[in-house]
Each structure stands twice: as structure tokens, then as C-alpha cells.
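Undergrad: Below is the structure, and that's it, no one-letter string:
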């Protein structure tokens, strides 16, 4: 769901600027999304899950254009878009393994 900007405009003293308005995205191919989840589960510990995240990506635009998308990549918890953002070499290697499994399946 999208926020009703009109409801916020009615609050005294509240103002904002919209820098980006990226559309939400959901994978339109459940089987592909499951393959991605299976590939990720094969290279890392713990059960994965299909999730909704409050992050902006270009995947919303691609999905609107008819491209089947999933968002799957390396990230260190709590570091995204911070001044000290980093990704370990181990995490990059695991992510590469996920991508290789997907391209070979």
C-alpha cells in the first residue's frame, strides 16, 4: 500500500519533499522466486523467506515494464546506506554461488 500524502498534508507544521517515488514490486513468477529462495538456502545457513522490505530499488520500475524481478544480493545487517556500509568477501562469495546456481538451473 502507498501512503496517503493528502492525509499528511492536513497536519500543521508538516512539510516534505518527495525525492523519489519508486513503485512497489512483487515477483510475478512464484516458481522463479522459489528457485531463488532454494538457491540461497543451499549456500547459507538458516531458512530463507519471501519478504516485503521498505527499500527503494529499480526493481519496481522493471516490474512495471514487464520484467520478472526478485531482489537478492549481499548486505550486512544494519549497514545499508550508512557511512560505514560494507560487504564481506564471504558474503560476496555466497551471493555469487546463489547467482551461479540460478543460471545453471
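TA: That came through, no problem. Because the structure is a prediction, the values reported are computed rather than measured.

Undergrad: for this structure, which spans come out with low pLDDT?
TA: Within the chain, the stretches with pLDDT under 70 are 1-3, 20, 47, 53-54.

Undergrad: in it, which residue is closest to the centre?
TA: Centroid-nearest residue in the chain, with Cα atoms, centre = their mean: residue 71, separated by 4.0 Å.

Undergrad: Contacts only, for it.
TA: By Cβ atoms under 8 Å, 6 or more residues apart in numbering, the contact set of residue 71 is 25, 53, 55, 57, 59. Glycine gets a C-beta too; all of them are placed from N, C-alpha and C.

Undergrad: Inside strands: which ones of these?
TA: Residues of these located in strands (DSSP state E): none.

Undergrad: From these, pick the one nearest residue 94.
TA: Residue 94 has its nearest neighbour among the contacts of residue 71 in residue 53, at 18.9 Å by Cβ to Cβ.

Undergrad: ok, the residue nearest to the centre of the chain to residue 82 distance?
TA: To residue 82, residue 71 is 19 Å away according to Cβ to Cβ, to the nearest Å.

Undergrad: Other residues contacting stretch 12-32?
TA: 2, 5, 8, 33, 52, 56-64, 68-71.

Undergrad: okay, how far is it across it, tip to tip?
TA: Terminal residues of stretch 12-32 lie 46 Å apart, using Cα to Cα, to the nearest Å.

Undergrad: Pull out the buried residues from that stretch.
TA: 25, 27 (16 or more other Cβ atoms under 10 Å).

Undergrad: before we move on, what about stretch 46-61?
TA: 59-60.

Undergrad: going forward, begin numbering at 59 instead of 1
TA: That works, and once the first residue is 59, the last one we named lands at stretch 104-119.

Undergrad: Report the distance from that stretch to the chain centre.
TA: Distance, stretch centre to chain centre, for stretch 104-119: 3 Å (Cα atoms, centre = their mean, to the nearest Å).
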